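K.L.:
Turn this into a structure:
(one chain, ligands or ions: 2)
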Amino acid sequence: MLLEVKDLCLNIDKKQILSSVSFCVEKGDFAVLCGRNGAGKSQLLKIIKGLRKQSSGSIFISGQDLSRDRGERMKRIALVFQNADLQAVGETVEKDVAFGPENLGWDRKRIKERTDQVISLLGLEEKRHQRPATLSGGEKRKLAIAGTLAMDPDIILLDEPFVALDYPSVRTVLSSLVSLHRKGHTILIVSHEIEKFLAHTTRLLILKEGKITCQGRPEDCLDELREAEVYLPDLPFKELTWLTT
Ligand SMILES: Nc1ncnc2c1ncn2[C@@H]1O[C@H](COP(=O)(O)OP(=O)(O)O)[C@@H](O)[C@H]1O
Ligand SMILES: [Mg+2]
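P.N.:
Ligands and ions are numbered 1, 2, ... in the order given. The predicted model follows:
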């Protein structure tokens, strides 16, 4: 099991935001967590990453209890924020991707190799000398994914990666994610726009009012999704994608 979250609780000002959340993501999974606005999805991702402290509960990575080791979690878990377009820090695409590895103190050769590899993985070769501000919405989001991937995390968490993207941009980001999954990367997406990509996923988690109400193979959970008031067109599972294959 790559990621295991066990009995995670979060209280803010006596209000219970997450109550005993437990789930797993296996190595190589393309998992999706959905739930209504305010269900606690973003808070959950921030806790897993180590940006926020849980009130109680445990987080294991590859069987190792890292519940109290936020530094190690920061290193091993990548998080692409919802407003990822604001995440760019480098003058050019290339420098932006290299920023994380530089901060980790890698040697020049390793940084160069990893930067080249990730830029090609995300299909950003032609943009590498461009300023991040000049990229399209979809390219900016791919850059945010590249920047976190550069640090060689065990798992990538993405908070609402398709929000505010137009049709071609959703497709470009989605095809990058599908290709990362095919290459063996482990991905956990938070999104309610599941009709855009559900067909590619391997595990579904539903969060309702701070509790996981369903966990399983997405094709087995379509009724639960409709009950959770997630928009789902009446299509066979395999057609729930915006990619034409
Ligand atoms: N800093 C905060 N202080 C108090 N309550 C918060 C804070 N951030 C989020 N919340 C509350 O936590 C709940 C879950 O929020 P969030 O994780 O952002 O939901 P989601 O991402 O599923 O839309 C909401 O009820 C929200 O009002
Ligand atoms: Mg959110």
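K.L.:
Every contact and neighbour count from this point should use C-alpha atoms.
P.N.:
Fine.
K.L.:
So which elements touch the longest helix seen in the chain?
P.N.:
As assigned by DSSP state H, the longest helix anywhere in the chain is helix 167-182. With contacts defined as 3 or more Cα pairs under 8 Å, 6 or more residues apart in numbering; DSSP states H and E, helix 167-182 has these neighbours: helix 137-149.
K.L.:
now the angle between helix 167-182 and the helix it packs on, please.
P.N.:
Interaxial angle, helix 137-149 versus helix 167-182 (axes from the mean of the first three to the mean of the last three Cα atoms, to 10 degrees): 30 degrees.
K.L.:
any idea which helix or strand comes after helix 137-149?
P.N.:
Per DSSP states H and E, helix 137-149 leads on to strand 155-159 as the next helix or strand towards the C-terminus.
K.L.:
Am I right that Glu224 falls within a helix?
P.N.:
Yes. When classified by DSSP: H, G, I helix; E, B strand; the rest coil, Glu224 is found to be part of a helix.
K.L.:
Skipping adjacent residues, who's closest to it in space?
P.N.:
Take Glu224 and drop its neighbours on the chain: the residue closest to it by Cα to Cα, 6 or more residues apart in numbering is Cys214, 7.2 Å away.
K.L.:
tell me the SS of that neighbour?
P.N.:
strand.
K.L.:
surely it meets Asp220?
P.N.:
No. When contacts are counted by Cα atoms under 8 Å, Cys214 is not listed as touching Asp220 (10.3 Å).
K.L.:
So which bits of stretch 109-129 are buried?
P.N.:
Buried residues in stretch 109-129, counted by 16 or more other Cα atoms under 10 Å: 111, 114-116, 118-119, 121-124, 127-128.
K.L.:
contacting residues for Leu121?
P.N.:
Neighbour list for Leu121: 176, 180 [criterion: Cα atoms under 8 Å, 6 or more residues apart in numbering].
K.L.:
Distance check, it against ligand 1.
P.N.:
Noted for Leu121: a distance of 28 Å to ligand 1, by Cα to the nearest ligand atom, to the nearest Å.
K.L.:
Kindly provide the distance from that residue to Phe237.
P.N.:
27 Å (Cα to Cα, to the nearest Å).
K.L.:
Show me the shaky parts of the protein.
P.N.:
By pLDDT under 70, the low-scoring segments of the chain are 84-87, 245.
K.L.:
make it 90
P.N.:
Along the chain, segments meeting pLDDT under 90 span 36-37, 82-90, 164, 192, 209, 226-231, 244-245.
K.L.:
Please identify the residues of it in proximity to ligand 1?
P.N.:
By Cα under 6 Å from any ligand atom, the residues of the chain that approach ligand 1 are 12, 17, 37-43.
K.L.:
So the closest residue to Gly147 other than its chain neighbours, which state does it fall into?
P.N.:
Nearest residue to Gly147, sequence neighbours excluded (Cα to Cα, 6+ apart): Val97, at 4.4 Å. Three-state call for Val97 (three-state DSSP): helix.
K.L.:
burial of Val97, as a residue count?
P.N.:
Val97 has 30 neighbours, counted by other Cα atoms under 10 Å.
K.L.:
for Cys221, same thing?
P.N.:
By the criterion of other Cα under 10 Å, Cys221 has 17 neighbours.
K.L.:
Dihedrals phi and psi, it?
P.N.:
phi -120, psi 20 (degrees, to the nearest 10).
K.L.:
one step back: CSV please, covering the buried residues of stretch 109-129 and showing distance to Lys53.
P.N.:
As requested, the buried residues of stretch 109-129 are exported to CSV (distance: Cα to Cα, whole Å):
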residue, distance to Lys53
Ile111, 31
Arg114, 31
Thr115, 31
Asp116, 35
Val118, 30
Ile119, 33
Leu121, 33
Leu122, 32
Gly123, 35
Leu124, 35
Lys127, 37
Arg128, 36
